[in-house]
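Engineer: Starting from these lines, generate the structure:
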Amino acid sequence: MADVHTPSTRSFNMSRIRGKDTKPEMLVRQYLHGRGLRYRLHVKGLPGKPDMVFPGLRTVIFVHGCFWHQHEGCRYFVVPKTRTEFWMEKIGRNVTNDERQQTELKNQGWRVLVVWECELRPPHRERTLERLFYSLTAPESDELEC
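Structural biologist: This next block holds a predicted model:
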């Protein structure tokens with residue numbers, strides 16, 4: 001099955017996909033900043049350049065897109081119908097890198113929290129953000145359960 005877009009249109013669409021300052025990431029940043037939390041962004045010295053770093057709390061947050069990071073069981077992760085092998089390889093590398101980077105961070109003494117794009121959609125957004133804030137301000141909770 002051929003692509004529904006011309007190569008130049010597809011190239012333009014793909015060039016607009018960003019790795020940082022995404023809408024889900026901006027939602028989380030604005031919420032936490034509004035609640036008085038301060039953080040650093042995309043610290044290059046840490047594995048995976050986490051989206052947000054809270055040095056005083058030794059905590060990092062990754063905001064993952066469901067498609068790009070293969071969110072298992074999520075309705076927003078759909079296996080592409082064209083060039084399936086290419087995309088599954090690419091997404092598989094993302095998942096492998098995520099696991100490796102999170103393990104490295106944990107070994108360095110960082111707490112790692114992951115927020116998925118689907119958890120920031122309107123029906124779940126407020127609950128997810130509140131639980132994220134709580135998990136940051138209550139150090140005894142190790143995992144964000146959304």
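Engineer: so V53 sits right up against K44, yeah?
Structural biologist: No. Judged on CB atoms under 8 Å, V53 makes no contact with K44 at a distance of 10.5 Å. No exception for glycine: its C-beta is placed from N, CA and C like everyone else's.
Engineer: Show me which of those two is the more surrounded one.
Structural biologist: Using other CB atoms under 10 Å, the more surrounded residue of V53 and K44 is V53, with 21 against 5.
Engineer: Could you verify that that one is part of a strand?
Structural biologist: Yes. Looking at V53 with DSSP: H, G, I helix; E, B strand; the rest coil, it is inside a strand.
Engineer: so how far is H71 from it?
Structural biologist: Between V53 and H71 the computed distance is 22 Å (CB to CB, to the nearest Å).
Engineer: Same question for G92.
Structural biologist: 14 Å.
Engineer: Pick out whichever of those two has more residues nearby.
Structural biologist: Using other CB under 10 Å as the criterion, G92 and H71 rank with H71 on top: 19 against 11.
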